[in-house]
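Novice: I would like the atomic coordinates for the input below:
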Amino acid sequence: MHSFSKAVVVILATLSSADAFVSPTYQRNAFSSLASTATDFDLNAYIVEKNGPITKALQESIVSLEPQTAKICESMLYSLMAGGKRIRPVLCLAACEMFAGSDEKAMPSAVAVEMIHTMSLIHDDLPSMDNDDLRRGKPTNHVVYGEEVAILAGDALLSDSFKFVAENTKGVDPERVLDVVVRLGKSVGPKGLAGGQAMDLECEGKPVDEVSLDDLRWIHTHKTAALLQVSVAAGAIIGGATPEEVEACEKYALNIGLAFQVADDILDITQSSEELGKTAGKDLEADKATYPRLLGLDGAREEAQRLIAESKKALEPFGDRAIPLLALADYIINRKN
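Specialist: Next up is the predicted model:
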């Protein structure tokens, strides 16, 4: 367990023992102090701590038991084990932890969201989509295994994600597990990732004045934020959160999801391919609608800061239990790739 400053403990103790006598202004100031301590939280150590079990679970999630499935399983694992900070599964475990749930119970959901995310990357890189040949500093799946196998590997990861949650979540109310499975399905369907990607393709190449900020937010609420929302919601549900608490977690995740995309758009035009681990400038080359394109670079940076502030506000009711999630919000806009 990570330790927090004595000042935070005093603030929280005061709030919990005298809520009726504490002004809303003081409560806001207290949470502001708490949010500030998130910057002192050792997020890298936290991510490393969580990533050990996550990586092990991912590696063990796909096993080829017969020679006929060896190639597709190899293709699935190639992208699933390609590295990265595993932000979505870490968010899932952190949300579960916030409600005193265990990593063991949330791990199947954490694996599932990473499977879905990996599927989205494989398909996003295909010649018919972004036509990219570099991902996390390595050749993309279709470059290594061919377009046909890459498509099938993505399909298999998606179907396995639901199966993995249903088969491996133990010691949790079945109604909660069912809720998670339904939310996973929604996150990747027409009201989630697929719908957002379809709208993104529809807007590609349109003049700037034909794509509104509302259009862009709709795209990335579904294409980007939906999977981050289900990552946090799944962890909270498995941890025992109430519907109201899950809703607060989803609001947090919606805002970090949109901020994540704003940051991604900024990085695409400010970082090199070597720094990003993928091809830089692809959105500009494809004439895609992006936040810097609509708001300018400074305006996009301001929007990212606004969204992170909104995400943190949603976590106010959870006090110091939210510190890992607060720190992850800061990471979203301070990352370099």
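Novice: so what's the residue nearest to Ala112 when sequence neighbours are not counted scoring on pLDDT?
Specialist: Residue nearest to Ala112 in three dimensions, not counting chain neighbours: Ser161, with 4.0 Å by C-beta to C-beta, 6 or more residues apart in numbering. For the C-beta atoms, the positions are set from N, CA and C on the backbone; glycine is no exception. pLDDT recorded at Ser161 is 98.
Novice: correct me, but Ser161 touches Leu184?
Specialist: Yes: look at Ser161 against Leu184 with C-beta atoms under 8 Å: they come within range, at 6.4 Å.
Novice: that older thread, assign the residue nearest to Ala112 to helix, strand or coil.
Specialist: Classification of Ser161 using DSSP: H, G, I helix; E, B strand; the rest coil returns helix.
Novice: that older thread, touching both of Ser161 and Leu184, which residues are there?
Specialist: Common contacts of Ser161 and Leu184, defined by C-beta atoms under 8 Å, 6 or more residues apart in numbering, comprise Ala112, Val113, Ile116.
Novice: Reformat those as a markdown table; add pLDDT.
Specialist: Listed next are these as a markdown table, based on pLDDT from 0 to 100:
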| residue | pLDDT |
| --- | --- |
| Ala112 | 99 |
| Val113 | 98 |
| Ile116 | 98 |
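Novice: Now do Leu93: how many residues are near it, please.
Specialist: By the criterion of other C-beta atoms under 10 Å, Leu93 has 30 neighbours.
Novice: Per-residue pLDDT of it, please?
Specialist: pLDDT at Leu93 comes out at 99.
Novice: Over to the one 4 residues further on?
Specialist: Reading off the confidence values, Glu97 has pLDDT 98.
Novice: coming back round to it: by neighbours, which of the shared contacts of Ser161 and Leu184 wins?
Specialist: Ala112 leads the shared contacts of Ser161 and Leu184 on contacts (other C-beta under 10 Å) with 31 neighbours.
Novice: isn't that residue right up against Glu167?
Specialist: No: applying C-beta under 8 Å as the test, Ala112 and Glu167 come out as separate, 10.7 Å apart.
Novice: now do the same end-to-end measure for stretch 220-231.
Specialist: Distance across stretch 220-231, first residue to last, is 16 Å (C-alpha to C-alpha, to the nearest Å).
Novice: got the buried residues for it?
Specialist: Within stretch 220-231, the residues that count as buried by 16 or more other C-beta atoms under 10 Å are His220, Thr221, His222, Lys223, Thr224, Ala225, Ala226, Leu227, Leu228, Gln229, Val230, Ser231.
Novice: these two touch, right, the fourth one and Gln197?
Specialist: Yes: applying C-beta under 8 Å, one finds Lys223 in contact with Gln197, separated by 5.4 Å.
Novice: mind checking the SS state of Gln68?
Specialist: Classified using three-state DSSP, Gln68 is helix.
Novice: What is the burial count for it?
Specialist: With other C-beta under 10 Å as criterion, Gln68 counts 8.
Novice: Please apply the same query to Met199.
Specialist: 18.
Novice: Next one: it relative to Asp215, how far apart?
Specialist: 7 Å (C-beta to C-beta, to the nearest Å).
Novice: count of residues packed around Met129?
Specialist: Met129 - counted by other C-beta under 10 Å - has 15 other residues nearby.
Novice: List the contacts of it.
Specialist: Met129 sits in contact with His123, Gln197, Leu201, where contact means C-beta under 8 Å, 6+ apart.
Novice: can you check Ala70 too?
Specialist: Here Ala70 is in contact with Ser64 (criterion: C-beta under 8 Å, 6+ apart).
Novice: where does it land on pLDDT?
Specialist: For Ala70, pLDDT reads 95.
Novice: again with the one 3 residues further on
Specialist: According to the predicted model, the pLDDT of Cys73 comes to 97.
Novice: which element is it on?
Specialist: Element membership for Cys73 (DSSP states H and E) is helix 70-80.
Novice: List every C-alpha atom in that helix, with coordinates, as PDB.
Specialist: Extracted as PDB, the C-alpha positions of helix 70-80 are listed here (Å, rounded to 0.1, in the frame of the first residue of the first chain):
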ATOM      1  CA  ALA A  70      -0.800 -22.200 -33.700                       C
ATOM      2  CA  LYS A  71      -0.600 -19.400 -36.300                       C
ATOM      3  CA  ILE A  72      -3.600 -17.400 -35.300                       C
ATOM      4  CA  CYS A  73      -2.700 -17.700 -31.600                       C
ATOM      5  CA  GLU A  74       0.800 -16.500 -32.400                       C
ATOM      6  CA  SER A  75      -0.700 -13.500 -34.200                       C
ATOM      7  CA  MET A  76      -3.000 -12.700 -31.300                       C
ATOM      8  CA  LEU A  77      -0.100 -12.900 -28.800                       C
ATOM      9  CA  TYR A  78       2.200 -10.900 -31.000                       C
ATOM     10  CA  SER A  79       0.000  -7.800 -30.600                       C
ATOM     11  CA  LEU A  80      -1.300  -8.600 -27.200                       C
END
